[in-house]
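Q: what would the 3D arrangement of this be:
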Amino acid sequence: MRSNRGERFLDPRLLRCHTKLATFQCRVCWTVTIGRPVSDLESANFFRDRSVQDDPYPYFDALRARSPVLQEPHYGVFMVTGHEEALTVYNDSTHFSSCNAVSGPFVKFPVPFEGDDVSDIIERFRDQLPFSDQLPAFDPPQHTAHRALMMRLLTPGRLRANEDFM
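A: Below is the predicted model of the structure:
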């Protein structure tokens, strides 16, 4: 958090996500001067436009110029481009989930999210999401336990020994 005189201000207590909490509120007050305006940010589709996939950096630059946290218009996904904001999300598994890390916004839960806390819905229907049995889609403590097991296998020596295979 910083002063709101042209700098980013993010109150983590107001940060909500479409995964564990049904609403997302973010107070961001900042001013950005960019050399050239990026047109078409609203119509560019991060998930479907081939031109964005081929070269996503102008898209990311436009997002960062707008705000460190911005909801994209096509799927309602919150794009987090600010470093401090990304760390807040990454380190807060109470409010944010990785349950749809693989499938993204394309697979929906069978029931609508209602209320402020949707943790119960995630846990009830997590197994119905694609790749729900894969490490990137786990949340702590399951992710922590599985990652600890994998890290025993992914030592520098083993990686070097398998470099040709990989």
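Q: going forward, measure contacts between C-alpha atoms and count neighbours the same way
A: Will do.
Q: chain center to stretch 157-166: distance?
A: Put simply, stretch 157-166 sits 31 Å off its chain's centre (C-alpha atoms, centre = their mean, to the nearest Å).
Q: mean confidence score for it?
A: Here stretch 157-166 scores 89 as its mean pLDDT.
Q: switch to numbering from 467
A: In the new numbering, first residue 467, that becomes stretch 623-632.
Q: neighbours of the nearest residue to Phe575 once chain neighbours are set aside, how many?
A: Leaving aside its sequence neighbours, Phe575 sits nearest to Phe591 (C-alpha to C-alpha, 6 or more residues apart in numbering; 7.0 Å). Burial of Phe591 is recorded as 14 neighbouring residues (other C-alpha atoms under 10 Å).
Q: so Phe591, which state does it fall into?
A: Under DSSP: H, G, I helix; E, B strand; the rest coil, the three-state class of Phe591 is helix.
Q: next: Pro571.
A: Look at Pro571: counting by three-state DSSP, its state is helix.
Q: that one: how many residues sit nearby?
A: Neighbours of Pro571 (other C-alpha under 10 Å): 14.
Q: which ones are touching it?
A: Tyr541, Val543 (C-alpha atoms under 8 Å, 6 or more residues apart in numbering).
Q: still on that earlier bit, and the pLDDT for the residue nearest to Phe575?
A: For Phe591, the predicted pLDDT is 92.
Q: just checking, it touches Val573?
A: No. The criterion here is C-alpha atoms under 8 Å, and Phe591 misses it with Val573 at 11.7 Å.
Q: may I see the buried residues of the helix or strand containing Asp527?
A: Using DSSP states H and E, Asp527 sits within helix 523-532. For helix 523-532, burial by neighbour count (16 or more other C-alpha atoms under 10 Å) applies to Tyr525, Phe526, Ala528, Leu529, Arg530, Ala531, Arg532.
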